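> have a look at this fold, sequence not included:
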C-alpha cells in the first residue's frame with residue numbers, strides 16, 4: 001500500500017507537487033493520469049526516495065521506502081527504462097540486481113522468461129529497442145516479487161502483443177493482492193486496465209475515484225441518430241438543455257434527451273429513424289473535461305489555423 005500525506009515538492013519557485021494526499025490500495029490496479037508537467041513522475045520518484053519531498057510524507061507498505069531493509073522485495077519500480085548499464089547483457093543486469101538481495105538465479109531466469117527476453121538475454125542492453133528496454137525494466141521491477149509495483153508508462157514502445165501482456169500482468173498481480181500503481185498516456189489502455197484512477201493537474205489531485213465513477217460523473221446522455229429527415233428531426237428536438245450536433249450526412253448526435261424521448265418525438269411526427277444508439281462517455285472525454293483547465297501547454301488545431309505555416313524563403 002502507498003500512502004501520501006500532504007506530499008509536496010518545489011524546485012526553486014516552481015511547484016511540481018502541491019501537497020497531495022492519496023492512498024493506493026492493494027488488490028486493484030490504480031491508474032495515475034495527468035497532463036505533461038502535472039507532477040506524475042515527480043510524485044512517483046518521491047515514493048521511492050529518488051526525490052526528497054519539500055513537505056509532507058509518503059510511506060510504502062507501512063514505512064518510508066528508505067527504511068525498508070529489503071526494498072526489491074517491497075517495491076518494484078519502472079521509472080526510467082534506460083537506467084541500465086548499457087554494456088551489460090540483460091541477464092547480467094538482472095543478476096547484479098539479484099545479488100544485492102540474495103535473489104536466486106532461478107528467479108532471474110523466471111522473470112526473463114516472463115517478460116519475453118529469453119532470446120535476447122545475453123545481448124547488451126545498450127542495443128535494445130525501446131520496447132525491449134521496457135521489458136527489461138519490467139523484469140527488474142518484478143525481480144524481488146514485490147508487494148508493491150510502481151510503473152511509469154510501462155507500455156511505452158511496446159507492440160500490441162506487449163501492451164496486452166502488460167495489461168494482463170498488472171491485473172494478475174492485483175488479483176494476487178499486490179498494490180499496482182501505473183501511469184500511461186493511453187486512455188484506451190487505462191480504461192481497460194485500471195480499477196481506480198488518481199488524476200493530477202498542476203501538482204494537485206483533481207480526481208480520486210473508481211474509474212467507472214469518474215466516467216459516469218462526467219457523462220451526459222448522448223444518442224446518435226441516423227435518418228433521412230435529420231433537419232426536420234433537429235427542429236423537433238431543439239429546446240432548452242438540448243444540444244444537437246451533425247458532423248456526418250444523415251447523422252445527428254443529441255445530448256439532453258434520452259433515446260426513449262427521441263423515439264417518441266420521431267414517432268409522433270412520422271419521422272423515420274434507421275439508427276438510434278445511446279452513446280456512453282469514454283475515459284478520454286472524462287479526462288479532458290477534468291483537465292481542461294490544468295494543461296500547461298496547449299496545442300492548436302491545424303484545421304483552425306489553416307495548417308502548418310509555410311517555410312520562409
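On my side now, so go ahead. In this text the structure is predicted, and so the values were computed from the model without any measurement.
> which parts of the chain are helices?
Assigned by DSSP state H, the chain shows helices spanning 40-47, 71-74, 90-99, 105-114, 130-142, 160-175, 187-193, 211-217, 230-237, 259-268, 283-291, 302-305.
> contacting residues around the first one?
What that stands for is helix 40-47. Outside helix 40-47, the residues that touch it by CB atoms under 8 Å, 6 or more residues apart in numbering are 2, 4, 7, 9, 16-17, 20, 32-34, 51-53, 58, 60, 65, 75, 77, 79, 150, 152, 181, 183, 200. Backbone N, C-alpha and C define where each C-beta goes, glycine included.
> what subset of those is buried?
Burial by neighbour count, 16 or more other CB atoms under 10 Å: within the contacts of helix 40-47 this picks out 2, 4, 7, 9, 16-17, 20, 32-34, 51, 53, 58, 60, 65, 75, 77, 79, 150, 152, 181, 183, 200.
> could you give the number of residues near residue 47?
Look at residue 47: counted by other CB atoms under 10 Å, it has 26 neighbours.
> do you know the pLDDT at it?
Residue 47 is assigned 96 on the pLDDT scale.
> relative to residue 64, how far out is it?
Going from residue 47 to residue 64 by CB to CB, to the nearest Å gives 10 Å.
> pLDDT weak spots in the stretch 201-313 of the chain?
217-221, 280-281, 293-313 (pLDDT under 70).
> at 50 what do you get?
Applying pLDDT under 50 to the stretch 201-313 of the chain flags residues 301-303, 309-313.
> hang on, the earlier thing: distance to residue 245 for the helices of the chain - can I get that in CSV?
Formatted as CSV, these follow (distance: least, CB to CB, whole Å):
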stretch, distance to residue 245
helix 40-47, 33
helix 71-74, 51
helix 90-99, 51
helix 105-114, 47
helix 130-142, 39
helix 160-175, 32
helix 187-193, 21
helix 211-217, 20
helix 230-237, 10
helix 259-268, 14
helix 283-291, 14
helix 302-305, 16
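> can you say which of these is nearest to residue 205?
helix 40-47 (9.8 Å; CB to CB).
> off-centre distance for that closest one?
Offset of helix 40-47 from its chain centre (CA atoms, centre = their mean, to the nearest Å): 14 Å.
> hmm, back to that, mutual contacts of residue 47 and residue 64, please.
In contact with both residue 47 and residue 64: residue 58, using CB under 8 Å, 6+ apart.
> just the contacts of helix 40-47: which are in strands?
Counting by DSSP state E, the part of the contacts of helix 40-47 found in strands is 2, 4, 7, 9, 16-17, 20, 32-33, 58, 60, 75, 77, 150, 152, 181, 183, 200.
> ok, and the closest non-adjacent residue to residue 192?
The shortest distance from residue 192 to any non-neighbouring residue, by CB to CB, 6 or more residues apart in numbering, is to residue 167 (6.2 Å).
> ok, how many other residues are close to the one you found?
Counted with other CB under 10 Å, residue 167 comes out at 18.
> how much space between it and residue 155?
Here the criterion is CB to CB. By it, residue 167 lies 8 Å from residue 155.
> now do the shared contacts for those two.
Common neighbours of residue 167 and residue 155, using CB under 8 Å, 6+ apart, are residue 189.
> could you chop this protein up by domain?
By the assignment in automatic domain parsing, the chain contains the domains 2-210, 218-283.
> deepest of the ones you listed, which one?
Most buried of the domains of the chain, by mean neighbour count (mean count of other CB atoms under 10 Å): domain 2-210, with a mean of 18.
> and that domain, end to end?
17 Å (CA to CA, to the nearest Å).
> tell me the contacts of residue 274?
226-228.
> for the spatially most central residue of the chain, grab phi and psi.
Centrality entry for the chain: nearest residue to the mean C-alpha point is residue 184, 3.2 Å, by CA atoms, centre = their mean. Main-chain dihedrals, residue 184, degrees, to the nearest 10: phi -160, psi 150.
> quick one: contacts for the closest residue to it other than its chain neighbours?
Distance criterion CB to CB, 6+ apart; nearest residue to residue 184, sequence neighbours excluded, is residue 190 at 5.2 Å. Taking CB under 8 Å, 6+ apart as the criterion, residue 190 is in contact with 31, 33, 184, 197, 211, 283.
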